[in-house]
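Engineer: Return a 3D structure for these sequence lines:
(2 chains)
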Protein chains: 2
Amino acid sequence: MLTVVKIGGSLFPEHTDRLCEYLAKSNEKIVLINGGGDFANKLREYNDEYDFSDDVMHWSAIKCMDIIGELIASRNKHIQPITKLEDIKKVHDDGKIPLLLSFEILKSEDPLKHSWNITSDSIACYFAHRLNAKLLILTNVDGIYRGNIFSNDKNLIKSISANELLIFEETSVDKCLPKLLIKYNLDCFVMNGIYPERVLCHLNGFHTINTHIRR
Amino acid sequence: MLTVVKIGGSLFPEHTDRLCEYLAKSNEKIVLINGGGDFANKLREYNDEYDFSDDVMHWSAIKCMDIIGELIASRNKHIQPITKLEDIKKVHDDGKIPLLLSFEILKSEDPLKHSWNITSDSIACYFAHRLNAKLLILTNVDGIYRGNIFSNDKNLIKSISANELLIFEETSVDKCLPKLLIKYNLDCFVMNGIYPERVLCHLNGFHTINTHIRR
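Structural biologist: Numbering: from 1, shown residues only, chains lettered A, B, ... in the order given. Okay, the predicted model is just below:
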């Protein structure tokens, strides 16, 4: 079974080289997709000040993901950027990891609402559904917390239902993800990409630090 | 005769709305092309710290131009983004101004060296050549100066040959532009896009504050 691994934009560029080295060691069949990082944050800044249309922000944010994806892939010979789902098998057969640049597919299928509540987490979830794959979201914290993430008074959640997550105000995943997990009947793990040895451990089927979001 | 008007990325987002309103008043046939602004600057930062390949930087910077181009166009109903040179005439016939998103064309023609000395100024120059058009470069200063641009001891150059400009260290245009102006036998004007009334004045054939780079 495939695993869609979403590399949070916050991990680029500092942590992505090492993360990709570890991912290349996994025996799992992986499809990478990445966030928009600093570029998407810049778009948000523009939007806060100048109020652009939801449409132009949606498509621009996805173009930002493609740019960061190309940058990540350019630094690791095991990673092959692709723009079509049909290319996944060929890249796996070549012993490489496909990294999906999703602008073209999303532009033609347009499956998601154009809103800031939909980010690359939801996009990764959509592709996990399309590919009948597992979903692993890598961010720069250990998972989803109860309490304020910036305070000492926070607790990492080991397991939570997507339904319960619906009522959380702000988490390390986007606001629409729990809805999509319910809609597509998918589980998801959220974990820290700064510690790629944990990621490899998880991909190889062992227990490690993360949050399991149950369908 | 067409005029390729290059909107410097430094003018976005603060000055581009007003600039575009003025450009829409001109009777000249204009083709817009824009710089990569904050996004291209972010790429440079990444490159300074992590040393990416020239190829991935070149194409990523051009994708950044496309993103900013879409954002500029999304705010003015007179501006129509296009990805093919063949669409220019139709957009003009509709009474609108085409804004060229150049990634697709450049990816297929690949006419320019992949280097940081080639930026959107050189790309605009290439398209002025392709379209047999005049070239106007809008930046956030009045033109090209002798002396340090940040000191009081600077003088705006009214007219200079591309040949003489070749030996300048740093100017408000990219380092490769004078070479391309010579190669393509083109003149170019550089002026301040923060004062769109001057730009309109220039497009309408009147003299105003700028630097004329002679072929």
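Engineer: where along chain A do the helices fall?
Structural biologist: A:16-23, A:37-50, A:54-73, A:88-93, A:103-109, A:120-130, A:162-165, A:177-184, A:196-203 (DSSP state H).
Engineer: quick one: the third one near chain B?
Structural biologist: If I follow you right, that is helix A:54-73. Yes - using Cβ under 8 Å from any Cβ of the partner chain, helix A:54-73 comes into contact with chain B via A:55-56, A:59-60, A:63-64, A:66-67, A:70-71. In short, each C-beta sits where N, CA and C put it, glycine included.
Engineer: Kindly reformat these as a markdown table containing distance to B:Tyr22, neighbour count and pLDDT.
Structural biologist: Below are the residues of helix A:54-73 next to chain B laid out as a markdown table (distance: Cβ to Cβ, whole Å; neighbours: other Cβ atoms under 10 Å in any protein chain shown; pLDDT from 0 to 100):
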| residue | distance to B:Tyr22 | neighbour count | pLDDT |
| --- | --- | --- | --- |
| A:Asp55 | 25 | 11 | 97 |
| A:Val56 | 22 | 20 | 97 |
| A:Trp59 | 27 | 19 | 97 |
| A:Ser60 | 25 | 25 | 98 |
| A:Lys63 | 28 | 23 | 98 |
| A:Cys64 | 29 | 27 | 98 |
| A:Asp66 | 33 | 24 | 98 |
| A:Ile67 | 31 | 27 | 98 |
| A:Glu70 | 36 | 19 | 98 |
| A:Leu71 | 36 | 25 | 98 |
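Engineer: which one of these is nearest chain B?
Structural biologist: A:Val56 (4.0 Å; Cβ to the nearest Cβ).
Engineer: related to what we said a few turns ago, deepest of the helices of chain A, which one?
Structural biologist: When these are scored by mean count of other Cβ atoms under 10 Å in any protein chain shown, the highest mean neighbour count falls to helix A:120-130 (a mean of 25).
Engineer: Centre of the chain to that helix, how far?
Structural biologist: On the basis of Cα atoms, centre = their mean, to the nearest Å, helix A:120-130 sits 8 Å off its chain's mean C-alpha point.
Engineer: so what does it touch, helix or strand wise?
Structural biologist: Contacts defined by 3 or more Cβ pairs under 8 Å, 6 or more residues apart in numbering or on different chains; DSSP states H and E place helix A:120-130 against strand A:3-7, strand A:30-34, helix A:54-73, strand A:134-139, helix A:177-184.
Engineer: Mind doing that once more with 10 Å?
Structural biologist: strand A:3-7, strand A:30-34, helix A:54-73, strand A:97-100, helix A:103-109, strand A:134-139, helix A:177-184, strand A:188-192 (3 or more Cβ pairs under 10 Å, 6 or more residues apart in numbering or on different chains; DSSP states H and E).
Engineer: Just give me the neighbour total for A:Leu85.
Structural biologist: When neighbours are defined as other Cβ atoms under 10 Å in any protein chain shown, A:Leu85 has 15 of them.
Engineer: likewise A:Leu99?
Structural biologist: So A:Leu99, with other Cβ under 10 Å, has 26 neighbours.
Engineer: Tell me what it is bridged to.
Structural biologist: Beta bridges link A:Leu99 to A:Leu32, A:Pro81, judged by DSSP bridges.
Engineer: likewise A:Ile213?
Structural biologist: Applying DSSP bridges, one finds that A:Ile213 bridges with A:Ile160, A:Cys188.
Engineer: for it, what are its contacts?
Structural biologist: By Cβ atoms under 10 Å, 6 or more residues apart in numbering or on different chains, the contact list for A:Ile213 reads A:135, A:137, A:143-144, A:157, A:159-165, A:171, A:173, A:177-178, A:181, A:186-190.
Engineer: about what we covered before: please tabulate the residues of helix A:54-73 next to chain B in a markdown table, including the columns distance to B:Asn210.
Structural biologist: Below are the residues of helix A:54-73 next to chain B laid out as a markdown table (distance: Cβ to Cβ, whole Å):
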| residue | distance to B:Asn210 |
| --- | --- |
| A:Asp55 | 36 |
| A:Val56 | 31 |
| A:Trp59 | 35 |
| A:Ser60 | 32 |
| A:Lys63 | 33 |
| A:Cys64 | 34 |
| A:Asp66 | 37 |
| A:Ile67 | 33 |
| A:Glu70 | 37 |
| A:Leu71 | 37 |
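Engineer: which stretches of chain A aren't confidently modelled?
Structural biologist: Scanning chain A with the threshold set as pLDDT under 70 gives A:149.
Engineer: still on that earlier bit, ok, the residues of helix A:54-73 next to chain B vs B:Glu49, which is closest?
Structural biologist: Distances from the residues of helix A:54-73 next to chain B to B:Glu49 were compared by Cβ to Cβ; the smallest belongs to A:Leu71, at 12.2 Å.
Engineer: State whether that closest one and A:Ile7 are indeed in contact, as I suppose.
Structural biologist: No - A:Leu71 lies out of contact with A:Ile7 (Cβ atoms under 10 Å); the separation is 11.4 Å.
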